[in-house]
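Enquirer: please find the sequence and the predicted model below.
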Amino acid sequence: MEHFTSELKSDAKALFPILTDLDNGYALALNLAVWIDDEKRAAMIEAGCDISAFQANDCWTLPIPATFVVDAGGVIKERFVDPDYRKRMPMENIIAALRRGGPR
């Protein structure tokens, strides 16, 4: 939802656009989303994590964490995909991709 994206951009003082994949439509097209089954859904709700509030629907799909560095022409310069949400693309790789001007 736009509220969460706007808050993130403001908190981070980001000078660049932050894109949101509402309903995980793009993630699903890239095969980068997983469906949360009823058992896991119930456990998440019980733990106070109702993702439907963030997604504005009851689909219960979650994206697989991924980072893409995209140039102004829409070319992907670097990508990082890992189902373990605790792992992220190292900042050094992002900076290197921006400096390099091309994919690895």
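Expert: Now that the structure is in, tell me what you want to look at.

Enquirer: mean confidence score for stretch 36-53?
Expert: The pLDDT scores in stretch 36-53 average 90.

Enquirer: starting at the chain centroid, how far to it?
Expert: 19 Å (Cα atoms, centre = their mean, to the nearest Å).

Enquirer: and it, what's buried?
Expert: In terms of neighbour count (16 or more other Cβ atoms under 10 Å), stretch 36-53 has its buried residues at 41, 51. In short, each C-beta sits where N, CA and C put it, glycine included.

Enquirer: who's in contact with it?
Expert: With contact meaning Cβ atoms under 8 Å, 6 or more residues apart in numbering, stretch 36-53 is reached by 58, 60-62.

Enquirer: which outside residues touch stretch 91-104?
Expert: 67, 69, 71, 75-78, 80.

Enquirer: where in this structure is pLDDT low?
Expert: 1, 56, 101-104 (pLDDT under 70).

Enquirer: can you give me the strands in it?
Expert: 33-35, 61-63, 66-70, 76-81 (DSSP state E).

Enquirer: how about stretch 59-71: buried residues?
Expert: 60-62, 64-65, 69.

Enquirer: could I get the strands of the chain as a markdown table with distance to residue 8?
Expert: Output for the strands of the chain, formatted as a markdown table (distance: least, Cβ to Cβ, whole Å):
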| stretch | distance to residue 8 |
| --- | --- |
| strand 33-35 | 20 |
| strand 61-63 | 15 |
| strand 66-70 | 15 |
| strand 76-81 | 19 |
